[in-house]
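Provided below are the primary sequence and the corresponding predicted coordinates.
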Amino acid sequence: MKKVTYFLLVYMELVFGLPMLRNFDIWGERNSTSDNLVAELAANISRFPRVLNFFPVPVEEECLSNDGRRKGICMNAYECRIESGSSHGPCALGFGVCCVFTSTCAQEIHNNITYFVNPDFPDLSRNMESCTLTVKKIDSEISQLRLDFIHFNLGQPNRKTGVCEDDVFVLSGGASRELRLCGLNSGQHAYFDVEDIDSTITVEMKLGRKAVSRLWEVRVIQVPFTQRAPAGCLQYHTGTTGTIQTMNFADNGRHLAEQDYNICMRQEEDMCSIAYEPCHDNSFRISPNNNANPSEDTGSGDGGEPRTDDECSDKIVLPCDSDDLLMPSDAGPGSCNLVHCGGSLCPAGESPCRIESSTTPFTVGVHFGPNAREESPDDNLGMCLNYEQLPCNV
């Protein structure tokens with residue numbers, strides 16, 4: 001016990017600059033009251049002035065800033081300042097600070113969690129032409145980046161074709177294909193594979209002259225292999241319930257062209273199936289974009305008949321069980337349509353409808369071609385679905 005007391009006093013002398021050891025004999029018997037000494041010092045430690053703590057925080061962990069909005073890394077205050085971070089409240093019982101990192105144009109990310117913002121954030125930035133950010137992997141174990149689009153307000157795509165012509169966000173340099181986005185994507189997220197330790201990942205905002213003001217705040221997280229999203233998933237949702245949307249699903253928006261990815265839902269414990277429902281009556285509008293040009297009012301198929309890839313070159317692929325399309329009670333059960341396009345998720349425009357699937361893993365495919373046929377933007381709003389995982393039958 002005496003040795004423990006001794007080393008505690010050494011620590012307190014080094015950290016707080018107090019002469020704790022001058023009357024302490026680690027071998028003698030006259031320290032029988034050393035426990036009382038430690039207790040008294042601990043009770044009155046707030047009376048002593050603190051000095052800068054140069055001791056490292058034992059583990060650098062994720063923390064929440066004192067405003068409750070941003071995430072940071074719990075680290076030593078000195079190291080936070082050296083790394084150009086900002087302290088936002090204490091962590092590790094007061095021995096560390098929640099260090100928040102932000103970067104903007106012409107800078108480099110070399111931290112676990114960093115916020116990429118427009119130069120005038122939180123104000124709009126005006127009359128910009130380009131903005132480029134470089135991301136360096138912090139460790140060889142990092143296999144993905146996760147980008148959370150907290151705020152993402154760029155110019156809209158071409159209203160007729162869905163192509164990002166004036167403003168475009170481009171993520172490149174990893175093992176994944178380029179990610180190209182524009183429009184309104186606040187609340188969305190994306191995973192990007194970065195297997196090669198030597199690869200340089202670049203985030204570039206190519207900004208045209210039509211949109212005069214922009215706003216973005218993108219949280220960039222480096223994800224180790226043990227926590228990565230499944231292969232082939234651009235988006236990965238967790239939890240038994242949630243909402244999924246195509247990119248640029250917004251009022252007066254339209255879905256983007258040149259999109260080919262999967263939205264994945266993690267199968268939660270004791271859950272064996274999943275159900276999808278449109279968010280509202282106008283939450284599924286994807287023009288077929290083909291020469292056949294079937295009626296926009298017939299949803300996933302004329303009169304409830306399944307559509308094929310030939311009929312839907314722009315489409316949502318939604319695996320479902322053969323008899324689990326649930327229609328209103330007076331309509332009876334529907335059939336399973338793997339491919340969906342048109343003016344409604346529901347066959348023959350029936351509403352509401354619910355699609356259930358026990359096919360695992362839980363995925364929804366988004367496939368929008370590069371040569372979108374010129375259509376009214378109202379025909380190409382995109383998709384918004386609510387999902388709910390259903391428990392296994394016992």
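Nice, I can see it. Numbers count the residues shown, from 1 in each chain.

all strands for the stretch 101-250 of the chain, in order.
For the stretch 101-250 of the chain, the strands defined by DSSP state E, counting those that start in this stretch cover 102-103, 107-109, 113-117, 125-126, 130-135, 142-153, 168-172, 179-181, 189-193, 201-206, 213-224, 233-237, 241-245.

in TSV, list those strands along with distance to S313, mean pLDDT and mean neighbour count.
Yep, even glycine has a C-beta here, placed from its N, CA and C like the rest. Listed next are the strands of the stretch 101-250 of the chain as TSV, based on distance: least, Cβ to Cβ, whole Å; pLDDT from 0 to 100; neighbours: other Cβ atoms under 10 Å:
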stretch	distance to S313	mean pLDDT	mean neighbour count
strand 102-103	39	97	18
strand 107-109	37	94	17
strand 113-117	34	97	22
strand 125-126	37	91	16
strand 130-135	33	95	18
strand 142-153	27	96	20
strand 168-172	22	96	20
strand 179-181	19	95	20
strand 189-193	23	96	22
strand 201-206	27	94	19
strand 213-224	31	95	19
strand 233-237	20	97	20
strand 241-245	21	97	16
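
and of those strands, who's closest to L93?
The minimum distance between L93 and those falls on strand 113-117, with 21.1 Å, by Cβ to Cβ.

wait, D67 sits on S86?
No. If you go by Cβ atoms under 8 Å, D67 and S86 don't touch, sitting 11.3 Å apart.

these two: which has the busier surroundings?
S86 (15 against 9; other Cβ atoms under 10 Å).

and that one, what does it touch?
Each residue near S86 by Cβ atoms under 8 Å, 6 or more residues apart in numbering is listed here: 80, 99-102.

buried subset of these?
The neighbour-count criterion (16 or more other Cβ atoms under 10 Å) marks 80, 99-102 among those as buried.

mind putting these into TSV with distance to R228?
Below are the buried ones among the contacts of S86 laid out as TSV (distance: Cβ to Cβ, whole Å):
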residue	distance to R228
C80	27
C99	24
V100	24
F101	22
T102	25
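
quick check, nearest of the residues you listed to G239?
Scanning the buried ones among the contacts of S86 for proximity to G239, where the rule is Cβ to Cβ, the winner is V100, at 25.6 Å.

any idea of the pLDDT on the closest one?
You'll see V100 listed with a pLDDT of 97.

what's the closest of the buried ones among the contacts of S86 to Q245?
Using Cβ to Cβ, the buried ones among the contacts of S86 come closest to Q245 at T102, 26.7 Å.

quick one: contacts for the nearest residue to the closest one once chain neighbours are set aside?
Of all residues not flanking T102 in the chain, Y115 sits nearest, at 4.6 Å (Cβ to Cβ, 6 or more residues apart in numbering). Y115 is in contact with 70, 100-103, 150, 217-220, counting by Cβ under 8 Å, 6+ apart.

can you list the low-confidence ranges for the chain?
1-60, 197, 289-310, 322-337, 347-351, 371-378, 394 (pLDDT under 70).

quick one: the helices in it, in order.
Taking DSSP state H, the helices of the chain run over residues 2-16, 34-44, 77-82.

send me the last one as PDB with only the CA atoms.
Written as PDB, here are the backbone C-alpha positions of helix 77-82 (Å, rounded to 0.1, in the frame of the first residue of the first chain):
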ATOM      1  CA  ALA A  77      -4.600  19.600 -24.700                       C
ATOM      2  CA  TYR A  78      -1.100  20.200 -25.800                       C
ATOM      3  CA  GLU A  79      -1.300  17.600 -28.600                       C
ATOM      4  CA  CYS A  80      -4.600  19.000 -29.700                       C
ATOM      5  CA  ARG A  81      -3.100  22.500 -30.200                       C
ATOM      6  CA  ILE A  82       0.000  21.100 -32.000                       C
END
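
can I get the contacts of Y115 in a markdown table with distance to P90?
Converted to a markdown table, the contacts of Y115 look like this (distance: Cβ to Cβ, whole Å):
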| residue | distance to P90 |
| --- | --- |
| R70 | 15 |
| V100 | 13 |
| F101 | 17 |
| T102 | 20 |
| S103 | 24 |
| I150 | 24 |
| E217 | 24 |
| V218 | 27 |
| R219 | 22 |
| V220 | 25 |
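
count of neighbours near G208?
There are 15 residues near G208, going by other Cβ under 10 Å.

correction: P122
P122: 9 surrounding residues under other Cβ under 10 Å.

same check, this time on E178
Number of residues near E178 (other Cβ under 10 Å) recorded here: 12.

residue contacts, it?
Contact analysis of E178 by Cβ under 8 Å, 6+ apart lists 170-172.

now, which of those sits nearest P361?
The closest of these, once distances to P361 are taken by Cβ to Cβ, is L171, at 24.1 Å.

just give the nearest non-adjacent residue to the closest one, would you?
That would be L179: by Cβ to Cβ, 6+ apart, it lies 4.1 Å from L171.

need the contact list for the one you found.
169-172, 190, 192, 234.

check S358 too.
272-274, 321, 324.

quick one: the nearest residue to it once chain neighbours are set aside from N386, how far?
Spatial nearest neighbour of S358, chain neighbours left out: S273 (4.1 Å); criterion: Cβ to Cβ, 6+ apart. Separation of S273 from N386 (Cβ to Cβ, to the nearest Å) stands at 15 Å.

of those two, who's got more company?
Counted by other Cβ under 10 Å, S273 and N386 do not tie: S273 has more neighbours, with 20 against 16.

that one against I355, yeah?
No. Counting by Cβ under 8 Å, I355 is not a contact partner of S273; they are 10.6 Å apart.

tell me, how many residues neighbour P119?
12.

residues in contact with it?
So P119 contacts 104-105, 125, 128, 131 (Cβ under 8 Å, 6+ apart).

about what we covered before: got the contacts of L179 as TSV, with distance to P224 columns?
Listed next are the contacts of L179 as TSV, based on distance: Cβ to Cβ, whole Å:
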residue	distance to P224
F169	25
V170	25
L171	19
S172	22
A190	18
F192	14
L234	19
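
for the residues you listed, which one is nearest N111?
F192 (16.7 Å).
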